[in-house]
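S.K.: prediction below, plus the sequence it came from.
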Amino acid sequence: MTPGTTHLLERLLAVQERVEALVAARRGGDHNPDDPFRGLYVDDAMVDHLLARGAPDAAGDGLAGPDRERVADIEARADAVLAEDGPALPLRDLELTFGLDALDVELLLVALAGELDPRLDLLFGYLNDDVTRRRPSAAVALALCGLPIASASARHRLQHGPLIESGLLTLDEPDRPLPSRCLRVPDRVVDHLLGSRTPDAALRDLLLAPDPVEWGDGSELALALSLGQRLVHLREGATGSGRLLALDALGRLRRGALLLDAAALAQHPDADVLARTAVREALLTGAGLVVCGLDQLAERPAVLHRLLDPRATVVTVGALGWDPEWSSVAPLRLEVPESTVAERLALWDRTLGIDADVVSDGSGEGSVVGGRPGEGAATAAAAPFRLRPEQVVRAARTARQLSQLRGALTPEHVRQGALAENSSALERLARRVTPGVGWDDLVLPAPILASLREISLRARFRERVLGDWRMRPGGGRGIGVAALFAGDSGTGKTMSAEVVAADLGLELFVVDLATVVSKYIGETEKNIERIFVGAAGVNAVLLFDEADALFGRRTEVRDSHDRYANLESAYLLQRLESFDGLCILATNLRANIDEAFTRRLDVLVDFPLPDVGHRLALWDRSLGTALPREADVDLAFCAEAFEMAGGAIRSAAITAAYLAAADDGVLRMSHVVSGIHREFRKLGRLTIEQEFGPYWELVERP
């Protein structure tokens, strides 16, 4: 014993003398020797009675008291069971897995005793001199292990040893001095030692159910794990699944898997504690811990440190590369291949229960060799959707459920099932538009329609051309499709984007510039990044309306404002190149778009003002067939006399319909020319009598 320890003990002895003197003084002043609180504490007679009961026999459900001979007998019987049944004993496995020494095991058994023998909680209360505290205190536990509370090594082992660090044992009431703090074995550890395999209830909302999906080859990962590799990082692309590869690898090794949702863990207030609980669960059961969505924990280093325990087998899955700051142990890094269109279509067919061979080139056309006609085309409708294999299976199940409710399986059921897998992250940043128009609703010149169909063509075959045929250029460019729609207001840019989305079976998200542009430096770029990241998890068409506000020309730097404006444009250039989705930029001022953007665009469409023939068709379609018309409605005159864009024609037609509804429900020429007159005033155009010709007198002028 060092002089410092001797001095400390001498000082503590003096404190003990004063405490004993105070206790004696209080007891000496007690004028009521009859105890009115009988039953609220354990007296000597109760202890003698409990001890006289003896230890339970082999058929009982408890443990014996701290008798050395009985402990020796129990250990001898345990050794006999070990020799007979092999090493599959929970306590011995616990000792080997968590690196416990003899003292750790004794402390664990002392804390465990009260959980299994109801007699001992009263005895621990007696030893603690506090009937309300019926778990062994640190002082009692160390005494039962034959160690003094002043042992520095024992105290350190009890506070910072593997029992505490691994969560096998907890010290309650941290505000108390160590000797009076009680030891507790978590319920999950007790249940495990009793043979339970049910995961900890605290992880119920964090564990993902394994996906019974056959995809990918996990043999390489299985080989690495079998050779002793404990930490592996799987970097997955947009349509690959590191989760499925990990499940396949662990299945080859006949090991279980705990799929941990990193996104849910990152949002939990007790993420650090739950991370340790997840590692403990993996070690208890011998399962591999698969951390899905590791990127969500990039800003939580403490949580990552807990998760990446070197004793456990941990497979991390994420879209980003590995950061060496996350762990002192270098992981094995593997790339998860993306699923091909053919693989995804095969998953669709298997899940939908299509037994026939489907012949499809991914263009949306398909045929069935035997089996039910039309189902080949239905599954081929899923080709434009870039989903992970497990998402494909869920989407196919949704499509099959819809088909059971609404008749035979159709391409629309497949599209709805695929769209159900879209995340909602983008809805907070952009306006969702469900396409309700098709190619027949467009009134545009043939070359413009051909350019729009080219956008759909590129989106449908991009994986074959850029992936399978390796036509992708270098520089880290993605496989996305970018198009520019330029033209005057009302010429059909937004409607054309909706038609392209409808043709591909996708949704349209219109970016609201109010949610993007910020007066604070750097915030605009962050908002744009959030939009592109959100769009990466959504099978949709992304439309930047009034795009010249964001994708404007870079200018000569004269002050700091020019510099940061140019930085925004440069950032957008880089982000647009790496985007893997379908992005459409719409602008009324093409000249304001930076040339660097136009060079990176796949398709550029100039929308002209409609000519007379197109204006006539627009008038006819805008008024529709449900609205009754008088014979005097001269749409040919309207198309010839008034040069209007399609949007203005539609607005005037709606105004005319309201005027007809307020009249007798029949559309007349007076309603039409009045609608045109009001549209001109709204646009700030002059209304000239000669322009309206013989119908000037019919105009209702407010």
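M.R.: Received, thanks. Computed from a prediction, not measured in an experiment: that's the story for all the values here.
S.K.: going by C-alpha atoms from here, please, whenever you check contacts or count neighbours.
M.R.: Fine.
S.K.: can you list the domain ranges for the protein.
M.R.: Here the domain assignment for the chain is 40-193, 201-336, 341-421, 433-607, 612-698, based on automatic domain parsing.
S.K.: closest one to E427 among the ones you listed?
M.R.: domain 433-607 (7.9 Å; Cα to Cα).
S.K.: average model confidence for that closest one?
M.R.: What domain 433-607 shows for mean pLDDT is 81.
S.K.: one more: stretch 335-350?
M.R.: Averaging pLDDT along stretch 335-350 gives 89.
S.K.: could I get it in PDB with only the CA atoms?
M.R.: Taking C-alpha atoms only, stretch 335-350 is exported to PDB below (Å, rounded to 0.1, in the frame of the first residue of the first chain):
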ATOM      1  CA  GLU A 335     -18.100  -1.300 -54.200                       C
ATOM      2  CA  VAL A 336     -21.600  -2.500 -54.600                       C
ATOM      3  CA  PRO A 337     -22.500  -2.900 -58.300                       C
ATOM      4  CA  GLU A 338     -25.700  -1.300 -59.600                       C
ATOM      5  CA  SER A 339     -28.500  -3.500 -60.600                       C
ATOM      6  CA  THR A 340     -29.200  -3.600 -64.400                       C
ATOM      7  CA  VAL A 341     -32.500  -3.100 -66.100                       C
ATOM      8  CA  ALA A 342     -32.700  -6.800 -66.900                       C
ATOM      9  CA  GLU A 343     -32.100  -7.700 -63.300                       C
ATOM     10  CA  ARG A 344     -34.800  -5.400 -62.100                       C
ATOM     11  CA  LEU A 345     -37.300  -6.600 -64.700                       C
ATOM     12  CA  ALA A 346     -36.600 -10.200 -63.700                       C
ATOM     13  CA  LEU A 347     -37.300  -9.200 -60.100                       C
ATOM     14  CA  TRP A 348     -40.600  -7.600 -61.200                       C
ATOM     15  CA  ASP A 349     -41.600 -10.700 -63.000                       C
ATOM     16  CA  ARG A 350     -40.700 -13.100 -60.200                       C
END
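S.K.: other residues contacting it?
M.R.: 234-242, 245, 355, 362, 379-380, 382-383, 387-389, 392-393, 396, 463-464 (Cα atoms under 8 Å, 6 or more residues apart in numbering).
S.K.: go on, stretch 432-449?
M.R.: Under Cα under 8 Å, 6+ apart, the answer for stretch 432-449 is 492, 495-496, 498-499, 501-503, 507-510, 605-607, 610, 614, 617-618, 621.
S.K.: on that earlier part again, next, format the domains of the chain as JSON lines and append mean neighbour count and distance to E427.
M.R.: JSON lines is the format used below for the domains of the chain (neighbours: other Cα atoms under 10 Å; distance: least, Cα to Cα, whole Å):
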{"stretch": "domain 40-193", "mean neighbour count": "16", "distance to E427": "40"}
{"stretch": "domain 201-336", "mean neighbour count": "19", "distance to E427": "18"}
{"stretch": "domain 341-421", "mean neighbour count": "20", "distance to E427": "14"}
{"stretch": "domain 433-607", "mean neighbour count": "18", "distance to E427": "8"}
{"stretch": "domain 612-698", "mean neighbour count": "17", "distance to E427": "26"}
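S.K.: phi and psi next, for the closest residue in space to G581 that isn't next to it in sequence.
M.R.: By the measure of Cα to Cα, 6 or more residues apart in numbering, the closest residue to G581 outside its immediate chain neighbours is G480, 4.5 Å from it. In terms of degrees, to the nearest 10, the main-chain angles of G480 are phi -80, psi 170.
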